[in-house]
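*Asks:* Next come a sequence and a model predicted from it.
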Amino acid sequence: MIIGSDNEEVNFMEYRRFNNTIVARIDRGEEILDKIKEISLKENIKLANINALGATNDFTVGVFKINDKKYYSNEFKGDFEIVSLTGTINTMNDEFYTHIHMSAGNDKGEVFGGHLNRAIVSATCEMIINIINGRVDRYFDEDIGLNLFKF
């Protein structure tokens with residue numbers, strides 16, 4: 001923890017590893033995908049699944065339209081509870097790759113979600129990363145237009 005310029009306490013992401021499970025706290029103002037990458041590279045994760053919840057006030061999620069072979073994104077700002085964040089960490093061309101979906105609800109109970117492009121934490125994000133012993137790379141499938149698992 002440090003004290004910011006306006007005398008507000010500022011925390012930074014922390015995590016602990018317990019064998020093949022990582023428990024992480026992502027803090028206010030931090031971008032979730034950046035922190036997933038940071039943990040993955042530091043811990044040399046090649047294959048894992050992720051589950052999380054928390055709060056965000058600025059996020060972008062998209063929907064892949066099969067006929068267009070393109071993602072269409074929607075940006076949301078305001079107070080939202082992350083009701084579900086789930087996905088995978090793996091590799092593509094032996095480099096870090098992640099595929100995450102997120103849904104978040106507002107104060108009226110409306111939930112919005114899709115493929116996660118970015119999300120800024122507004123209060124906290126509690127994340128569990130379950131590391132899988134093994135590797136699954138990805139390849140770009142021309143017919144579908146997506147990066148798929150390559151076994």
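*Replies:* That came in fine, so what should we check first?
*Asks:* for this structure, which strand is longest?
*Replies:* strand 70-92 (DSSP state E).
*Asks:* Neighbouring strands - and their directions - for that strand?
*Replies:* strand 48-65 (antiparallel), strand 95-105 (antiparallel) (DSSP bridges).
*Asks:* can you redo the ones you listed as CSV with mean neighbour count?
*Replies:* C-beta coordinates here come from the backbone N, C-alpha and C atoms, glycine included. Output for the strands paired with strand 70-92, formatted as CSV (neighbours: other CB atoms under 10 Å):
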stretch, mean neighbour count
strand 48-65, 18
strand 95-105, 18
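*Asks:* need the helix or strand of this structure with the lowest average pLDDT.
*Replies:* strand 2-3 (a mean of 43; mean pLDDT, DSSP states H and E).
*Asks:* and S84, how many residues sit next to it?
*Replies:* Number of residues near S84 (other CB atoms under 10 Å) recorded here: 14.
*Asks:* Next, name the residue at the spatial heart of the chain.
*Replies:* The centre of the chain sits closest to L33, judged by CA atoms, centre = their mean, with a distance of 4.4 Å.
*Asks:* Could you pull up the contacting residues of the closest residue to it other than its chain neighbours?
*Replies:* Closest residue to L33 apart from its sequence neighbours, by CB to CB, 6 or more residues apart in numbering: R118 at 6.2 Å. Residues in contact with R118, defined by CB atoms under 8 Å, 6 or more residues apart in numbering, are E31, I32, L33, D58, F59, T60.
*Asks:* Right, I'll leave it there.
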